[in-house]
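Undergrad: Predicted structure and sequence below. I'll ask about it afterward.
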2 protein chains.
Amino acid sequence: MIKRSIKKMESTQIDGNEVKRVSMKLLVGREDQAPNFAMRHFLVEKDGHTPRHHHPWEHEVFILSGTGEVECGGELQQIEGGDGLLIPSNDLHQFRNTGESPLELLCIVPVDSDCGEAVPGS
Amino acid sequence: MIKRSIKKMESTQIDGNEVKRVSMKLLVGREDQAPNFAMRHFLVEKDGHTPRHHHPWEHEVFILSGTGEVECGGELQQIEGGDGLLIPSNDLHQFRNTGESPLELLCIVPVDSDCGEAVPGS
């Protein structure tokens, strides 16, 4: 078994033109021989957001704390702790922190995309 | 996109000889056309535990709140909020609530096992 705690892990800042104040902790990934999917913890600081992008693999997301909004496939939804989401593959999507506290979420992705390529960050 | 909240979902009691005081909410599953994995929320009440069993698919688990222990492949680990775990396929495992409050966790499973069968509860 593998066990890691977000309380003890170092976070990796996510850089990019379209990303703002987002860091990640890879709880379980392809280097752990996870056969199918990777579990990542994201912290989106106040006024931060993930990139507005699309890709040929899905996300499943669980909101741990904070408040925000998610845009996906032209739809906008408010999000808060306890929400679970499926972001379908190829849908344009973005998570934005609209609250005063950090938006904390888990994001699970497949380790491989349909064409057999490694999913970035998995 | 699909969005559901554990605050609004009905829970399903998990029955079985080896299960005690466990209920589940299926946040995203195969009926949602989740292509690769299913995200489930489990509540293990005080003194409760999941079955001590093994199966040919992995779990990835995130502990949301509460305290407990997990046995996996002959190893015993204490668990608390913020812990992420990989339970490898075929390892004998069990989650037990050893605290005074509910043990709450997310458990992600593939929707299909290696032999192409639907994973139960996915």
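TA: Nice, thanks for sending it over. Numbering: from 1, shown residues only, chains lettered A, B, ... in the order given.
Undergrad: so what's A:Gly121 up against?
TA: Contacts for A:Gly121 were tallied using Cβ atoms under 8 Å, 6 or more residues apart in numbering or on different chains; they are A:24, A:26, A:38, A:40, A:109. In short, each C-beta sits where N, CA and C put it, glycine included.
Undergrad: Double-check that it belongs to a strand.
TA: No. The assignment for A:Gly121 is coil, going by DSSP: H, G, I helix; E, B strand; the rest coil, so no strand is present there.
Undergrad: Mind putting the contacts of A:Gly121 into CSV with pLDDT?
TA: Converted to CSV, those look like this (pLDDT from 0 to 100):
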residue, pLDDT
A:Met24, 97
A:Leu26, 97
A:Ala38, 97
A:Arg40, 98
A:Val109, 96
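Undergrad: Among those, which one lies nearest to A:Pro51?
TA: A:Met24 (12.4 Å; Cβ to Cβ).
Undergrad: who's that closest one bridged to?
TA: According to DSSP bridges, the residues that bridge with A:Met24 are A:Thr12, A:Phe42.
Undergrad: How is the residue nearest the centre of chain A assigned, secondary-structure-wise?
TA: For chain A, the residue sitting closest to the mean C-alpha position, by Cα atoms, centre = their mean, is A:Cys107 at 3.8 Å. Reducing the assignment to helix, strand or coil with three-state DSSP, the entry for A:Cys107 is strand.
Undergrad: And the pLDDT at it?
TA: A:Cys107 is assigned a pLDDT of 98 by the prediction.
Undergrad: Over to A:Lys3?
TA: The per-residue confidence score, pLDDT, reads 98 for A:Lys3.
Undergrad: and what of A:Asn17?
TA: 80.
Undergrad: one step back: can you pick the most crowded of the contacts of A:Gly121?
TA: Using other Cβ atoms under 10 Å in any protein chain shown as the neighbour test, the contacts of A:Gly121 are led by A:Val109, with 24 neighbours.
Undergrad: Look up how far chain B lies from it.
TA: 9 Å (Cβ to the nearest Cβ, to the nearest Å).
Undergrad: Would you confirm that A:Arg21 contacts A:Gly48?
TA: Yes. Checked against Cβ atoms under 8 Å, the pair A:Arg21 and A:Gly48 is within contact range at 3.0 Å.
Undergrad: shared neighbours of these two, which are they?
TA: Common contacts of A:Arg21 and A:Gly48, defined by Cβ under 8 Å, 6+ apart, comprise A:Asn97.
Undergrad: if you count what's nearby, which of those two comes out ahead?
TA: Comparing A:Arg21 with A:Gly48 by neighbour count (other Cβ under 10 Å), the higher total belongs to A:Gly48, at 20 against 17.
Undergrad: Going by neighbour count, which residues of the helix or strand hosting that one are buried?
TA: For A:Gly48, the host element (DSSP states H and E) is strand A:37-49. Buried positions in strand A:37-49, judged by neighbour count with 16 or more other Cβ atoms under 10 Å in any protein chain shown: A:37-44, A:48-49.
Undergrad: how far off strand B:37-49 does it point, in degrees?
TA: Using axes from the mean of the first three to the mean of the last three Cα atoms, to 10 degrees, the direction of strand A:37-49 lies 100 degrees away from that of strand B:37-49.
Undergrad: Can you give the distance of strand A:37-49 from its chain's centre?
TA: Chain-centre distance of strand A:37-49: 5 Å, with Cα atoms, centre = their mean, to the nearest Å.
Undergrad: For it, which helices and strands make contact with it?
TA: Under the contact criterion of 3 or more Cβ pairs under 8 Å, 6 or more residues apart in numbering or on different chains; DSSP states H and E, strand A:37-49 touches strand A:20-28, strand A:93-97, strand A:103-110, strand B:59-65, strand B:103-110.
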